[in-house]
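S.K.: the sequence isn't on hand, but the structure is:
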């Protein structure tokens, strides 16, 4: 790994260490330490979606047109450090919610910015990006292992003692470090011309919507929104599900998902160049359906291997659809609006798709809730399994492969 790749890898590591360091245990913290209701917990998770919806406007306004992406990245993380510290101090949900909403409005644009900074330093993103992005997954894993094993903040005794609050302090420190570090990253100036006439669509980053004129990209965009509905079920329900049915150390076991993500991130370039974009995306969608079927029929006894396999499929689920989608978007965007395009796909997935997904997941979970506080989990998991399979079929029938090699499909030049 050369020096530039190392610098970008450190950026990715810290970016996802921050997110994984508080988001996974958010529901547990709110329920046990702030006495939040299920509806309030859903509101807190949905701040991710509101942040993603706003993200393209921030990116389109500043990163593609006026200021260097790495400088905006630094400023957002410095502000995020202050907000994380404020979350650490919050003592009730009324104080916590506006802070976490503002934090996610600032954090979600940074997902597009780290991608833009990385892509702009690469000559072949389809081959190079996965090797950089994998360090983000490693950062998420390290954060989870630190919480569970180094500090044991998520043990029953620690939760009762309020120690889970320390995750916000840990992430405040990491955010401060990344904020400062970002100013040392390679210069990533805006590509769009400063002197040309700017309309309201361009000003707000909506110029990337031009990508939707391409039929294939429009189908991919719609599929990205829809597949995030099943994704929300995993974020919202996986940990409570494992804990409720009696799986030991559920948070620790869930890190298997990120470990598999590392493996499949490294295999992703091989799949893209051998099978092409469409087949890679289809494999990712099929993995979502299979994962939820395994959750539906597995248990904490003799069929626990089905749950473990379902968790381990996370690498295929995430990498083969979402990371492949980022690469596909970068290839289609052209030089001038790469940041806007990344912001737009962030809006489609973590924004609109996840916002709908959290709402649907909440209603389905309530529908299958028992009077004693437990849940009929098989019914809950079969819904996203069938839904993901339906999205797969629609995508299979609608998305048309280009009559050219897979490598050219990824490297397709500027639209």
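M.R.: In hand now; what should we look at? Since this is a predicted model, take the numbers as computed values, not measurements.
S.K.: show the low-confidence segments of this structure, by residue range.
M.R.: For the chain, the stretches with pLDDT under 70 are 1, 38, 56-65, 191-207, 334-339, 343, 373, 401-415.
S.K.: centroid-nearest residue for it?
M.R.: In the chain, the residue lying closest to the centroid (CA atoms, centre = their mean) is residue 350, at 6.4 Å.
S.K.: all helices of the stretch 201-350 of the chain, in order?
M.R.: 215-244, 250-297, 304-312, 314-318, 324-333, 338-346 (DSSP state H, counting those that start in this stretch).
S.K.: residue contacts, the residue nearest to the centre of the chain?
M.R.: Residues near residue 350 by CB atoms under 8 Å, 6 or more residues apart in numbering: 48-49, 51-52, 108, 111, 228. C-beta here means a position set from N, CA and C on the backbone, and glycine is covered the same way.
S.K.: sorry, back to before: name the stretch among the helices of the stretch 201-350 of the chain that sits most buried.
M.R.: Greatest average neighbour count among the helices of the stretch 201-350 of the chain goes to helix 338-346 (a mean of 29), per mean count of other CB atoms under 10 Å.
S.K.: and the next helix or strand after that one, which residues are buried?
M.R.: Downstream of helix 338-346, the next assigned helix or strand under DSSP states H and E is helix 354-367. For helix 354-367, a neighbour-count test (16 or more other CB atoms under 10 Å) marks 354-358, 360-362, 364-365 as buried.
S.K.: can you lay out these as a markdown table showing distance to residue 210?
M.R.: Formatted as a markdown table, the buried residues of helix 354-367 follow (distance: CB to CB, whole Å):
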| residue | distance to residue 210 |
| --- | --- |
| 354 | 24 |
| 355 | 24 |
| 356 | 24 |
| 357 | 27 |
| 358 | 29 |
| 360 | 30 |
| 361 | 33 |
| 362 | 35 |
| 364 | 36 |
| 365 | 38 |
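S.K.: hang on, the earlier thing: closest to residue 146 out of the helices of the stretch 201-350 of the chain?
M.R.: Of all the helices of the stretch 201-350 of the chain, it is helix 250-297 that lies closest to residue 146, at 10.8 Å by CB to CB.
S.K.: could you figure out how far that closest one is turned away from helix 324-333?
M.R.: Per axes from the mean of the first three to the mean of the last three CA atoms, to 10 degrees, the angle that helix 250-297 makes with helix 324-333 is 90 degrees.
S.K.: check contacts around residue 146.
M.R.: 21, 170.
S.K.: swap in 10 Å and give it another go.
M.R.: Applying CB atoms under 10 Å, 6 or more residues apart in numbering to residue 146 gives the contacts 17, 20-21, 152-153, 167, 170.
S.K.: that'll do, ta.
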